[in-house]
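Asker: What would the 3D arrangement of this be:
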Amino acid sequence: MDPVDRRPKFCPHCGAALPAGAPRFCVECGAALGAGAPEDDPPEPLLPATGATVKLANAGVPQEVIGGTVRLPASGAVPPGLWELDRAPGPGDVVAIYPPLRAVRGGWSGLVGRGWRATGSEAHGTAQIFHFTAPVRWFPAPGCGAGLRLHVEVAARAHSMEGRERRGFRFGLRRDGPMRVVRATWLDGDERLLADRPLPQIQIMAPPRIPRVSDLDEAPELLDARAASEWATGSQAHGAYRLYRDMLMQEHTPAGRGITLVPLREGREGDRPWWQRLLPGNPPRYRVRMERPFSCDLEQWPDQLAAIRAEARSLGLDLEPAQAAEWWLDRYGHDGVIFSGARARYGVERVVIVFRRAQLARIQD
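Answerer: Numbers count the residues shown, from 1 in each chain. Prediction:
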């Protein structure tokens, strides 16, 4: 009988698929793999931004400026799809563009073949500096900007070790320097080059990174039944809940990172009798504070997610499904999700997903 291949197929740190063979590093997050890999650290609080951050109109959170032709980061930079003037942007205007990046711990990652192209490397001490370029488009709102499109070629450089250069790179501004604009040209509606047209200033942005569970140093309140009920006043998630999993930790849910909870039967939110507290197998009970949840049938969520990603692309954000869900829910002020029709996946009719531990209060027994 052939021996069973027990090598991991996914990175235990970020969940990315691993290439065949025995890779020593994850090309997505840069974590060491294999027998010599260090044990995984506990989730860290959200790291301070490695570059300046600005608030733009296409997201509800500040975003990181990672390069461009601007001298100073501009909060008035116009993202794709939001320029609503008849004229095209000129030298006195600033536009924001988004290269294809994915958030990883401590920085961003890009994949060759998924928006990025490797353009060579050079030795740098015991490591290598790898160079990459990506084409990025900026476009105005429909019917605006004289119908022009701005085609920009963005360059990034990343320090890397053996095993990280084949499929992608990890980028961190403090270590790798800002991204650069290599080339920028205007194109008309027929994709014809307008070589003599003056260019706007260009601000290169990282995608919006929404703080969720493990990014935040928070813990649930511990309250008696009466205080927990008062604490949850105004919540749209009524009654008591238990964790869907055994531990209070971040999960990858259909709505992005979060914590899934299952409702307990009505009447379980009060004080437990003394004898019930002695019985084994009683899971911790929680109250949930969720004032603006997004409610959806779980079977309809894939269609909703497709619409969310289309909306993100209309604003120049080419986001992975989970990242798009987090961006959209935050942009519209939703502090949780209530999925009905969830029995096929979760074994119960309804589940709730919170985005922060501070949205929970544990009922003290």
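Asker: so where's the stretch 201-350 of the chain shaky on pLDDT?
Answerer: The stretch 201-350 of the chain contains residues with pLDDT under 70 at 266-281.
Asker: didn't Ile97 look like it was pressed against Ala206?
Answerer: No. Counting by C-beta atoms under 8 Å, no contact exists between Ile97 and Ala206, whose distance comes to 11.0 Å. In short, each C-beta sits where N, CA and C put it, glycine included.
Asker: And Pro200, how close does it get to Pro89?
Answerer: 4 Å (C-beta to C-beta, to the nearest Å).
Asker: shared neighbours of these two, which are they?
Answerer: Common contacts of Pro200 and Pro89 (C-beta atoms under 8 Å, 6 or more residues apart in numbering): 95, 150.
Asker: Tell me which residues touch the nearest residue to Leu85 once chain neighbours are set aside, please.
Answerer: The shortest distance from Leu85 to any non-neighbouring residue, by C-beta to C-beta, 6 or more residues apart in numbering, is to Cys144 (6.1 Å). Taking C-beta under 8 Å, 6+ apart, we find Cys144 in contact with 83-86.
Asker: tell me the SS of the residue nearest to the spatial centre of the chain?
Answerer: Ranked by distance to the mean C-alpha position of the chain (C-alpha atoms, centre = their mean), the top residue is Gln323 at 3.7 Å. Counting by DSSP: H, G, I helix; E, B strand; the rest coil, the backbone at Gln323 sits in helix.
Asker: Surely it is in contact with Gly256?
Answerer: Yes. Between Gln323 and Gly256 there is a contact under C-beta under 8 Å: 7.1 Å.
Asker: Show residues contacting stretch 217-224.
Answerer: Residues outside stretch 217-224 that contact it (C-beta under 8 Å, 6+ apart): 45, 228, 231, 248, 271, 286-287, 356-358, 360-364.
Asker: among these, which ones are buried?
Answerer: 228, 248, 286-287, 356-357, 360-363 (16 or more other C-beta atoms under 10 Å).
Asker: and the two most separated of those?
Answerer: Maximum pairwise distance among the buried ones among the contacts of stretch 217-224 (C-beta to C-beta): 18.2 Å, between Arg356 and Ile363.
Asker: Val65 belongs to a helix?
Answerer: No. Counting by three-state DSSP, one finds Val65 to be strand, located in no helix.
Asker: Nearest spatial neighbour of it, chain-adjacent residues omitted?
Answerer: Val65 sits nearest to Pro73 (C-beta to C-beta, 6+ apart), 4.2 Å away.
Asker: For the one you found, give me its contacts.
Answerer: Contact analysis of Pro73 by C-beta under 8 Å, 6+ apart lists 51-54, 65, 203.
Asker: if we can go back for a sec, now, which of the contacts of stretch 217-224 lie within helices?
Answerer: Using DSSP state H, the members of these that fall in helices are 228, 231.
Asker: Let me know the closest of the contacts of stretch 217-224 to Phe130.
Answerer: So of the contacts of stretch 217-224, ranked by how close each gets to Phe130 (C-beta to C-beta), first place is Pro45, at 29.6 Å.
Asker: Where do the helices of the stretch 151-300 of the chain begin and end?
Answerer: Counting by DSSP state H, counting those that start in this stretch, the stretch 151-300 of the chain has helices at residues 173-176, 225-231, 274-277.
Asker: In JSON lines, list the ones you listed along with distance to Val351.
Answerer: Shown next, in JSON lines, are those (distance: least, C-beta to C-beta, whole Å):
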{"stretch": "helix 173-176", "distance to Val351": "38"}
{"stretch": "helix 225-231", "distance to Val351": "20"}
{"stretch": "helix 274-277", "distance to Val351": "24"}
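Asker: Among those helices, which comes closest to Gly341?
Answerer: Gly341 sits nearest to helix 225-231 of all those, at 27.9 Å, using C-beta to C-beta.
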